[in-house]
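Participant: With the sequence up front, the predicted model follows.
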Amino acid sequence: MFGRSPAQYRTACPPVIEQARIPACVLRAYPAETPHFSRELGNFRWLAVGPANQPGVNIVLMAVPGEPVLPAETQQAVRELMAKGFAGTVFLTSDDIYKDYDELTSRGVEFVEKPGQRPYGIDSAFRDPSGNNIRIAQR
């Protein structure tokens, strides 16, 4: 299977699992105005979001779990790592990264890396209020 493109691999080995939801974004806390959650299990809740034109793509947003999932000192350690930007990374693509950069900065998003040429293409990065790294690459 090595040496095949992702499309060739998927054709040769169709997936058994049709959809995966990856808890890539941990939030310090949910905003009070969050109207509903996809799932709630006791004191543990999460929300799945994704682009409207790609219904099979989801990013799961979840708060740092409390007791009994994580003891208090572990919760604090996770929050400290998040503050340092080690909470996970979400990779997005754009048809026009410079246009999207202008749009997002006009909405108050502060980029930690402006769009620029890298060895692998043009990309940029910002962090959300909870410390998650968001990278946008031009297709």
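Facilitator: Nice, thanks for sending it over.
Participant: Please count neighbours and contacts with C-alpha atoms only from this point.
Facilitator: OK.
Participant: Output the below-cut-off pLDDT ranges for the chain.
Facilitator: Applying pLDDT under 70 to the chain flags residues 1-4, 6-7, 9-10, 12-45, 87.
Participant: Give the buried residues for the longest helix that it contains.
Facilitator: Counting residues, the longest helix found in the chain (DSSP state H) is helix 72-83. Buried residues in helix 72-83, counted by 16 or more other Cα atoms under 10 Å: 75, 78-79, 82.
Participant: Heading C-terminal from that helix, find the next helix or strand.
Facilitator: Where DSSP states H and E defines the elements, the next helix or strand beyond helix 72-83 is strand 89-94.
Participant: And the strands in the chain, which stretches?
Facilitator: 22-27, 39-41, 44-49, 59-63, 89-94, 111-118, 121-127, 133-138 (DSSP state E).
Participant: Which one of those lies nearest to residue 69?
Facilitator: Among these, the nearest to residue 69 by Cα to Cα is strand 44-49 (8.6 Å).
Participant: Report the spatially nearest residue to residue 97, omitting neighbours in sequence.
Facilitator: residue 138 (5.5 Å; Cα to Cα, 6 or more residues apart in numbering).
Participant: Which strand residues bridge the one you found?
Facilitator: Note on residue 138: beta-bridge partners residue 94, judged by DSSP bridges.
Participant: hang on, residue 84 packs against residue 132?
Facilitator: No - counting by Cα atoms under 8 Å, residue 84 sits too far from residue 132 to count as a contact (9.5 Å).
Participant: higher neighbour count, those two?
Facilitator: Higher neighbour count among residue 84 and residue 132: residue 132, with 22 against 10, using other Cα atoms under 10 Å.
Participant: ok, that one touching residue 88?
Facilitator: Yes - if you go by Cα under 8 Å, residue 132 and residue 88 touch, sitting 5.5 Å apart.
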